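Undergrad: Sequence and predicted model, in that order:
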Amino acid sequence: MRFLRQGLLGLFILSLTAGLLGYAGQVLRDAVEARMARDTPAPERRERVYAVRTLHAEAATVTPRLTAFGRIESRRTLDIRAQVAGEIVELAEGFVEGGAVEAGQFLARIDPAPAEDARERARIDLADARAEAREADRALVLARDELAAREAQVALQSRVLSRQRDLEARGVGTITAIESAEFNVMQARQAVLSSRQALALAEARVDQAATAVSRAELALAEAERRLGETRITAGFSGRLSEVSAVEGGIVAVGEQIARLVDGRALEVAFRVSTAQYARLLDETGALLALPVTATLDSGDRTIRATGRLAREAAALAEGESGRMIFAALDRAPALKPGDFVRVGIEELPLEGVVRLPATALGSDGAVLAVDKEDRLTLVPVTLLRRQGNEVLLAAPGLAGREIVTERSPALGPGLKVRRIGASEGAEAAEASESDTVSLSTERRARLRAQVEADTALPEAERRRLLAELDRPLVPARTVARIESRAGG
């Protein structure tokens with residue numbers, strides 16, 4: 001009985017639990033169905049706003065500046081060479097490498113003894129020639145006197161002949177006397193002819209003596225010039241370089257013993273591309289005399305010199321491109337021939353151009369402007385110049401608008417933006433001298449190979465450039481300098 005009662009109680013509790021579970025499931029299902037059947041509105045989506053840096057564009061008159069790299073040269077250089085062979089017996093105290101000399105200053109003397117002997121021989125030859133000339137003049141006078149005497153003798157014999165013929169006509173003279181008188185006249189005339197030949201020889205002797213005197217005078221002048229060439233002087237004021245002469249040394253004719261460089265007539269030679277060259281010409285195709293600045297970077301100090309474009313190379317060598325330009329510099333005593341300098345050329349001013357950072361210009365030749373609704377619009381522009389990290393643009397209606405300074409692939413027309421760096425003016429964004437770049441292995445190797453292959457670079461400059469290329473971060477100006485020397 002007791003077992004039956006406990007069995008029924010357990011069955012009742014089991015049935016109650018099953019009922020409660022079924023009710024709970026029914027309630028859960030109804031709640032889910034009600035939730036799913038409810039018409040819930042979609043959440044409101046907000047438009048994405050991009051943050052951009054902008055710049056207020058302003059039109060202005062800008063003078064573009066073309067940058068290149070070149071070498072300092074001297075327009076006036078003189079090779080000092082020995083005009084005569086011999087031993088160097090005297091050198092000036094300032095005849096040293098880098099010595100400053102003035103025009104006409106004594107530099108060196110070659111042994112003058114052989115030249116002095118030659119001059120004395122020339123003087124003796126001249127004295128002999130002049131003595132011969134005087135003797136020829138005296139002989140000419142005697143020849144003329146002798147001719148006059150012979151002609152008088154002919155006249156006398158002619159009168160004798162006439163008298164004999166007159167006597168014979170009166171019957172007093174004889175034929176023998178007449179023949180004798182005629183024979184005497186013929187002899188006198190023969191003597192006149194001989195005197196004329198002697199006179200001609202005397203005149204020829206005078207001419208030969210005059211020629212000998214002129215030849216002796218020329219030889220004496222040449223001997224004196226050779227003697228003067230033993231004394232070497234400076235042709236103009238400047239500094240000496242490549243000095244190779246030593247006292248007691250033997251030099252040959254034409255041997256170079258030094259080079260004289262005029263440091264006051266410096267110029268810089270640099271290469272530009274054909275497109276850059278076209279911007280330096282006037283309407284007639286002639287090179288403009290534009291202002292030029294040559295800058296030598298020497299560590300903490302910077303040496304500058306000003307000048308103007310002077311001329312261009314007449315032709316291009318095989319394998320070259322662009323144009324070689326020469327600019328005459330004003331007085332720049334700190335610069336020396338061979339210096340590797342940075343050249344800046346001020347081009348003709350451009351009116352109504354807008355200066356913007358180079359990052360503002362896209363590859364499509366347009367910039368992004370922000371309108372009044374803070375949305376981007378695409379503005380086509382014309383690129384006039386690249387100036388370092390800036391560009392000079394020409395675009396009607398661009399002035400006065402807010403321009404995005406840094407374009408990215410995520411930005412495009414119609415997008416809403418938020419300004420985070422608006423500026424009031426078109427400020428320059430030139431790269432400073434301390435800007436550095438990270439080079440790839442291939443580009444670093446290519447730059448090193450270019451520096452090592454450039455034979456025009458001074459050895460000190462080559463070592464400095466190679467040292468900078470070995471750094472993890474290389475100065476941007478160094479990279480630009482090396483790449484620009486490739487020309488084109």
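TA: Yep, that arrived.

Undergrad: Strands of the stretch 251-400 of the chain, residue ranges please.
TA: For the stretch 251-400 of the chain, applying DSSP state E, counting those that start in this stretch gives strands covering 256-261, 266-272, 291-298, 301-312, 323-329, 340-346, 350-357, 366-370, 376-380, 382-387, 390-394.

Undergrad: Please identify which of those strands is closest to Gln83.
TA: strand 256-261 (10.9 Å; C-beta to C-beta). Glycine gets a C-beta too; all of them are placed from N, C-alpha and C.

Undergrad: all strands of the stretch 101-250 of the chain, in order?
TA: 106-110, 231-233, 238-241, 250-251.

Undergrad: list the helices and strands the top helix by length along the chain packs on?
TA: Under DSSP state H, the helix in the chain containing the largest number of residues is helix 113-169. Counting contacts by 3 or more C-beta pairs under 8 Å, 6 or more residues apart in numbering; DSSP states H and E, helix 113-169 is packed against helix 175-229.

Undergrad: The longest helix of the chain vs helix 175-229, what angle?
TA: 170 degrees (axes from the mean of the first three to the mean of the last three C-alpha atoms, to 10 degrees).

Undergrad: pLDDT (mean, whole number) over helix 113-169?
TA: Average pLDDT, helix 113-169: 89.

Undergrad: Flag the shaky bits of the stretch 201-350 of the chain, pLDDT-wise.
TA: 299-300 (pLDDT under 70).

Undergrad: of all the strands of the stretch 101-250 of the chain, which lies closest to Leu260?
TA: Comparing the strands of the stretch 101-250 of the chain under C-beta to C-beta, the one sitting nearest is strand 238-241, at 4.9 Å.

Undergrad: List the neighbouring strands of the closest one plus their orientation.
TA: The strands that strand 238-241 pairs with in its sheet are strand 100-101 (antiparallel), strand 256-261 (antiparallel) (by DSSP bridges).

Undergrad: now, of the ones you listed, which is deepest in the fold?
TA: Of all the strands paired with strand 238-241, strand 256-261 carries the top mean neighbour count, a mean of 20, counting by mean count of other C-beta atoms under 10 Å.

Undergrad: Residues touching that one, excluding its own?
TA: Contact with strand 256-261 is made by 74, 76-82, 88, 95, 101, 107-108, 232, 234-236, 238-245, 251, 337, as judged by C-beta atoms under 8 Å, 6 or more residues apart in numbering.

Undergrad: Just the buried residues out of those residues, in PyMOL syntax.
TA: One line in PyMOL is enough to select the buried members of the contacts of strand 256-261, burial here meaning 16 or more other C-beta atoms under 10 Å:
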select buried, resi 74+76+80+82+88+95+101+107+108+232+234+238+239+240+241+243+245+251+337
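
Undergrad: hmm, back to that, out of the strands paired with strand 238-241, which is closest to Ile345?
TA: strand 256-261 (25.1 Å).

Undergrad: and that closest one with strand 106-110, angle?
TA: 170 degrees.

Undergrad: Show me how far strand 256-261 is from its chain's centre.
TA: 21 Å (C-alpha atoms, centre = their mean, to the nearest Å).

Undergrad: Just the CA atoms of that strand, as PDB, please.
TA: Extracted C-alpha coordinates of strand 256-261, given in PDB (Å, rounded to 0.1, in the frame of the first residue of the first chain):
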ATOM      1  CA  GLN A 256     104.800  73.600 -68.900                       C
ATOM      2  CA  ILE A 257     106.200  74.700 -65.500                       C
ATOM      3  CA  ALA A 258     103.000  76.200 -64.000                       C
ATOM      4  CA  ARG A 259      99.500  77.500 -64.700                       C
ATOM      5  CA  LEU A 260      98.300  81.000 -63.900                       C
ATOM      6  CA  VAL A 261      94.600  81.300 -63.000                       C
END
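
Undergrad: Could you dump the strands of the stretch 251-400 of the chain into a markdown table and include distance to Asp454?
TA: A markdown table is the format used below for the strands of the stretch 251-400 of the chain (distance: least, C-beta to C-beta, whole Å):
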| stretch | distance to Asp454 |
| --- | --- |
| strand 256-261 | 23 |
| strand 266-272 | 12 |
| strand 291-298 | 17 |
| strand 301-312 | 22 |
| strand 323-329 | 15 |
| strand 340-346 | 10 |
| strand 350-357 | 32 |
| strand 366-370 | 38 |
| strand 376-380 | 41 |
| strand 382-387 | 25 |
| strand 390-394 | 29 |
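
Undergrad: count of residues packed around Arg130?
TA: Using other C-beta atoms under 10 Å, Arg130 has 15 neighbouring residues.

Undergrad: Now it: closest residue in space, sequence neighbours ignored.
TA: Using C-beta to C-beta, 6 or more residues apart in numbering and skipping the chain neighbours, the partner closest in space to Arg130 is Val213 (5.6 Å).
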